[in-house]
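> Kindly generate the corresponding structure for this input.
(3 chains)
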Amino acid sequence: MASGKRLSRDFFIRDVLEVAPDLIGKNMHIRLADKAIGSFQITDVEAYRGMEDKACHASKGRTPRTEVMFRQGGRLYVYLVYGMYWMLNVVTAEENHPQAVLIRGVENLSGPGRLTKSLGIDRTFNGEDLDVSERIWFEETGVNPAFNTGPRIGIDYSGDYWKTRPWRFYV
DNA sequence: TCAGTGATTAGG
DNA sequence: CTAATCACTGAG
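Numbering: from 1, shown residues only, chains lettered A, B, ... in the order given. Take a look at the predicted model:
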């Protein structure tokens, strides 16, 4: 597939368990504080899948915070955790299928909280449309790095079944 | 191992 | 209104 092409809505309107591993090796482009566009290859993601997934915020139903996850895929879901860290997620699937991919890391930036802090991602990115945004989007690269799978991080509260789903994908 | 930090949510 | 919870990080 050609590189340098923006991933359009159709890429994200698929099941999160297809989209999440597919994002490994793709480039995230973002307008930085100095106005330059940075390009970062994605290395670490997690899938959160619907209302039945007890680790997914949408499992508690539709709330103001989770509203964007219920929309059609291709937008960002950004929220604050522990009063300090913004988490960057990409909404996937069709409308009313609340799913999202947490971007845990990109090349040279490990950890979801450190990533957003470094790149200047905050609440203003919540709901951003990845089809048309001029400050953040994803691009095809043509590379498909080998990756590992494992349980998701920081969701011990979700019970034995959900906390052991191997829905983390990382290089 | 554990405190920091404040938005979000359920409940009274 | 109160209080619990939290998809994390860095210090010790």
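> a helix runs through A:Glu95, doesn't it?
No. The assignment for A:Glu95 is coil, going by DSSP: H, G, I helix; E, B strand; the rest coil, so no helix is present there.
> just the helices in chain A please.
All helices of chain A, identified by DSSP state H, fall at A:9-12, A:16-23, A:112-119, A:159-163.
> Burial-wise, tell me which of these comes out on top.
Burial among the helices of chain A, expressed as mean neighbours by mean count of other CB atoms under 10 Å, is greatest for helix A:16-23, which shows a mean of 21. Bear in mind the C-beta positions are built from the backbone N, C-alpha and C, glycine included.
> any idea of the mean pLDDT in the lengthiest strand in chain A?
Under DSSP state E, the strand in chain A containing the largest number of residues is strand A:37-49. Model confidence over strand A:37-49, given as mean pLDDT, is 97.
> is it anywhere near DNA strand C?
Yes. Taking CB under 7 Å from any atom of the strand as the criterion, strand A:37-49 and DNA strand C are in contact, through A:46, A:48.
> Tell me what angle that strand forms with helix A:112-119.
The directions of strand A:37-49 and helix A:112-119 differ by 160 degrees, with axes from the mean of the first three to the mean of the last three CA atoms, to 10 degrees as the criterion.
> how far away is the nearest residue to A:Phe11 once chain neighbours are set aside from A:Val45?
With CB to CB, 6 or more residues apart in numbering as the criterion, A:Phe11 has its nearest non-adjacent residue at 7.2 Å, and that residue is A:Val19. When distances are taken as CB to CB, to the nearest Å, A:Val19 and A:Val45 turn out to be 9 Å apart.
> Now do the strands in chain A.
With DSSP E, the ranges of strands along chain A come out as A:27-31, A:37-49, A:76-81, A:85-91, A:99-106, A:109-110, A:136-139, A:148-150, A:168-170.
> Pull up the pairing partners for the second one, direction included.
Using DSSP bridges, strand A:37-49 pairs in its sheet with strand A:27-31 (antiparallel), strand A:99-106 (antiparallel), strand A:168-170 (antiparallel).
> gap between the shortest one and the chain center?
For strand A:168-170, the gap between its own C-alpha mean and the chain's C-alpha mean amounts to 12 Å (CA atoms, centre = their mean, to the nearest Å).
> Next one: A:Val68 from A:Ile13, what distance?
15 Å.
> actually A:Glu107, sorry about that
The span separating A:Glu107 from A:Ile13 equals 26 Å under the rule CB to CB.
> repeat for A:Leu115
Distance, A:Leu115 to A:Ile13, using CB to CB: 25 Å.
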